[in-house]
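Asker: okay, sequence plus prediction incoming.
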Amino acid sequence: MKRLLLLTTDPIDEPALVAARQMGAGMGAAISFSGVVRGSEAGAPISAIAYEAFGAMAEHQFHQLFDQLAARWPTVESLRLVHRLGVVKVNEASLWVEVVAPHRGEAFAACQWLIDEMKRVVPIWKKPVPNEPVGRAVSPPARDEF
Amino acid sequence: MKRLLLLTTDPIDEPALVAARQMGAGMGAAISFSGVVRGSEAGAPISAIAYEAFGAMAEHQFHQLFDQLAARWPTVESLRLVHRLGVVKVNEASLWVEVVAPHRGEAFAACQWLIDEMKRVVPIWKKPVPNEPVGRAVSPPARDEF
Amino acid sequence: MRVTVHLWSYFRDLAGTARLEIELPVGSSIAQLLDAVYRVQPKLAGLRKSTLIAVGVDYQRADYPLQPGDEVSLFPPVQGG
Amino acid sequence: MRVTVHLWSYFRDLAGTARLEIELPVGSSIAQLLDAVYRVQPKLAGLRKSTLIAVGVDYQRADYPLQPGDEVSLFPPVQGG
């Protein structure tokens, strides 16, 4: 199984990722998921979410999940996952996952399983960045806001 | 619910469709599915699939499904579906579907439901275009190949 | 009354035509239309059980009462995607 | 033996530090390490039930036997995506 894993503070360029997709002649389905920061968290408006990762462990846990996915769905040809770190503004993507397989059944199942497992074991945490009240000067969040 | 439905003989430009995505501030998930022509059909190698539609009925049935989807998953903000018609070569997309919703659960469920229902009721048919043997002159398929 | 029948996909190929005009008694059902179609297009009769039927752009069942001028479509199971 | 403890996310904020060095008897388990951590960082003790524990980059359970020089991470439930 081909795999791409990227943990990055850069914005996720989903059109470029889609344009770079390569599929073998036996592949009939590509599922992609884009997880985007919503404008509120627990009912309160926010301007962004700050993502923090324990990087080495996150990569290790992602690769363990990729190994498990390859064993459970051996027909999956390609798996690509990009998780953004640092401050991700409302309406920007924090996560992009793509699964390529011969048929949509295993592509949907593998993609959903991977996201569920990621949220269980990959050490990434988020902290909402509150909306600044209108008219108040906006200062960058202090370090301990991350 | 915003909706785009396009039945077209043009290639599906998925990066452009993704780049044109617009999501409201309450939306956290975009699922997209790309259905791609595989290199064989019932075990025999093919070069393409020719898709035929009863266009007026296909559009009507798609919009009925969109109405049902909006009723079952009222939080879905946007649904876009492009189905290609005519000759679609191996490795090209014949179908692209995107669902935007607040959370991934309803986005995945709605997307899978729509594809399943489409394959049950939307009058589109396919005909494999066989591989030409190597060294034989390739002529365009006759009208009744479609 | 006269009803127009449109054939799609390999139904059209089997029949050698995309369109039939069928004369039926007023008040005939789709089931009676199919009987009349199969008299002139016997190759389609063997596919009756897998035939999908629409009037205009909506699916209808065999007991649907046809009206003069109805446009009926007959086609095999759909295969989009 | 000496074990390094790394704190992540709001565990670090609560403790006011990202790193602790803890002296333990040779052969201590993770459970014994946690007891020692909570003596110096009592604010973390109330979160014990929801604390995730890794040694290096792998999750481990409370009975895991620690080795000198182990790098232990303590953190709250993860929230990626």
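Answerer: Looks like it arrived, so ask away. Numbers count the residues shown, from 1 in each chain, chains lettered A, B, ... in the order given.

Asker: use CA for all of it now, contacts and neighbours both
Answerer: OK.

Asker: close to chain D: what parts of chain A are there?
Answerer: Selection of chain A residues close to chain D by Cα under 8 Å from any Cα of the partner chain yields A:35, A:51-52, A:54, A:56-58, A:60-61, A:83, A:94-95, A:115, A:118-126, A:144, A:146.

Asker: one more time with 10 Å
Answerer: A:34-37, A:51-61, A:82-85, A:93-97, A:115-116, A:118-127, A:144-146 (Cα under 10 Å from any Cα of the partner chain).

Asker: those residues in helices, which ones?
Answerer: Counted as lying in helices by DSSP state H, out of these, are A:55-61, A:115-116, A:118-121.

Asker: filter the residues you listed down to the buried ones, ChimeraX style.
Answerer: Listed next is the ChimeraX selection for buried residues among these, using 16 or more other Cα atoms under 10 Å in any protein chain shown:
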select /A:57,58,59,61,115,118,119,121
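
Asker: report the two of the ones in helices among the residues of chain A next to chain D separated the most.
Answerer: The span of these, defined through Cα to Cα, is set by A:Ala56 and A:Asp116 at 20.2 Å.

Asker: circling back: check the residues of chain A next to chain D against chain B, which are close?
Answerer: A:Ser34, A:Gly35, A:Val36, A:Val37, A:Ala93, A:Ser94, A:Leu95, A:Trp96, A:Val97, A:Ile115.

Asker: contacts only, for the second one.
Answerer: Same thing as A:Gly35. A:83, A:91-97, B:27-31, B:102-104, D:81 (Cα atoms under 10 Å, 6 or more residues apart in numbering or on different chains).

Asker: of those, buried ones?
Answerer: A:83, A:91-97, B:27-31, B:102-104, D:81.

Asker: ok, and the closest non-adjacent residue to C:Pro25?
Answerer: Closest residue to C:Pro25 apart from its sequence neighbours, by Cα to Cα, 6 or more residues apart in numbering or on different chains: C:Met1 at 6.0 Å.

Asker: count of neighbours near the one you found?
Answerer: 14 (other Cα atoms under 10 Å in any protein chain shown).

Asker: any idea of the pLDDT on it?
Answerer: pLDDT, C:Met1: 96.

Asker: ok, back up a step: in strands, which of the ones next to chain B among the residues of chain A next to chain D fall?
Answerer: Within those, residues falling in strands by DSSP state E are A:Ser34, A:Gly35, A:Val36, A:Ala93, A:Ser94, A:Leu95, A:Trp96, A:Val97.

Asker: of all those, which comes closest to A:Ile12?
Answerer: A:Ala93 (6.4 Å).

Asker: who touches that closest one in this structure?
Answerer: A:11-14, A:33-38, A:82-84, B:28-30, D:81.

Asker: gap between C:Tyr64 and chain A?
Answerer: Here the criterion is Cα to the nearest Cα, to the nearest Å. By it, C:Tyr64 lies 36 Å from chain A.

Asker: could you look up the SS state of the residue in chain C positioned nearest to chain D?
Answerer: As assessed by Cα to the nearest Cα, chain D sits closest to C:Gly81 within chain C, at 29.5 Å. Secondary structure assignment for C:Gly81 (DSSP: H, G, I helix; E, B strand; the rest coil): coil.

Asker: how close does it sit to D:Val57?
Answerer: Noted for C:Gly81: a distance of 43 Å to D:Val57, by Cα to Cα, to the nearest Å.

Asker: equivalent analysis for A:Leu7, please.
Answerer: According to Cα to Cα, A:Leu7 and D:Val57 sit 16 Å apart.

Asker: the more surrounded of the two?
Answerer: Legend: neighbour count by other Cα under 10 Å for A:Leu7 and D:Val57, higher for D:Val57 (19 against 15).

Asker: list the contacts for that one?
Answerer: So D:Val57 contacts A:Phe54, A:Gly55, A:Ala56, A:Met57, A:Ala58, A:Glu59, A:His60, A:Gln61, A:Pro123, D:Glu71, D:Val72, D:Ser73 (Cα under 10 Å, 6+ apart).

Asker: ok, and the closest non-adjacent residue to the first one?
Answerer: Once its chain neighbours are removed from consideration, A:Phe54 has its nearest residue in A:Pro123; the separation is 5.7 Å (Cα to Cα, 6+ apart).

Asker: my guess is the one you found contacts A:Leu85. True?
Answerer: No - A:Pro123 lies out of contact with A:Leu85 (Cα atoms under 10 Å); the separation is 11.8 Å.

Asker: what is in contact with these two at once?
Answerer: A:Glu52, A:Ala53, A:Gly55, D:Gly80.

Asker: can you pull the contacts of the second one?
Answerer: Read that as A:Ala53. A:7, A:59, A:83-86, A:122-126, D:8-9, D:78-80.

Asker: filter the residues you listed down to the buried ones, ChimeraX style.
Answerer: This is the ChimeraX syntax for the buried subset of the contacts of A:Ala53, where burial follows 16+ other Cα under 10 Å:
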select /A:59,83,84,85,86,122,123,124,125,126 /D:8,9,78,79,80
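
Asker: quick one: strands adjacent to the helix or strand containing C:Ile22?
Answerer: For C:Ile22, the host element (DSSP states H and E) is strand C:19-23. With DSSP bridges as the test, strand C:19-23 is paired with strand C:2-7 (antiparallel).

Asker: helix or strand right after the strand it pairs with?
Answerer: Next element after strand C:2-7 (DSSP H and E): helix C:10-15.

Asker: export that following helix to PDB, keeping only CA atoms.
Answerer: The C-alpha trace of helix C:10-15 is given here as PDB (Å, rounded to 0.1, in the frame of the first residue of the first chain):
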ATOM      1  CA  TYR C  10     -29.600  -3.000 -24.800                       C
ATOM      2  CA  PHE C  11     -33.400  -3.100 -25.000                       C
ATOM      3  CA  ARG C  12     -33.000  -0.700 -27.900                       C
ATOM      4  CA  ASP C  13     -30.300  -2.900 -29.400                       C
ATOM      5  CA  LEU C  14     -32.300  -6.000 -29.100                       C
ATOM      6  CA  ALA C  15     -35.400  -4.400 -30.600                       C
END
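
Asker: check which residues of that helix are buried.
Answerer: Applying a neighbour-count criterion of 16+ other Cα under 10 Å, one finds C:Tyr10, C:Phe11, C:Arg12, C:Ala15 buried in helix C:10-15.

Asker: who are the packing partners of that helix?
Answerer: Counting contacts by 3 or more Cα pairs under 10 Å, 6 or more residues apart in numbering or on different chains; DSSP states H and E, helix C:10-15 is packed against strand B:124-130, strand C:2-7, strand C:71-75.

Asker: mind putting those strands into CSV with distance to A:Ala109?
Answerer: Output for those, formatted as CSV (distance: least, Cα to Cα, whole Å):
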stretch, distance to A:Ala109
strand B:124-130, 26
strand C:2-7, 38
strand C:71-75, 32
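
Asker: pretty sure A:Glu77 sits against A:Ala71.
Answerer: No - at 11.8 Å, A:Glu77 does not count as touching A:Ala71 under the criterion of Cα under 10 Å.
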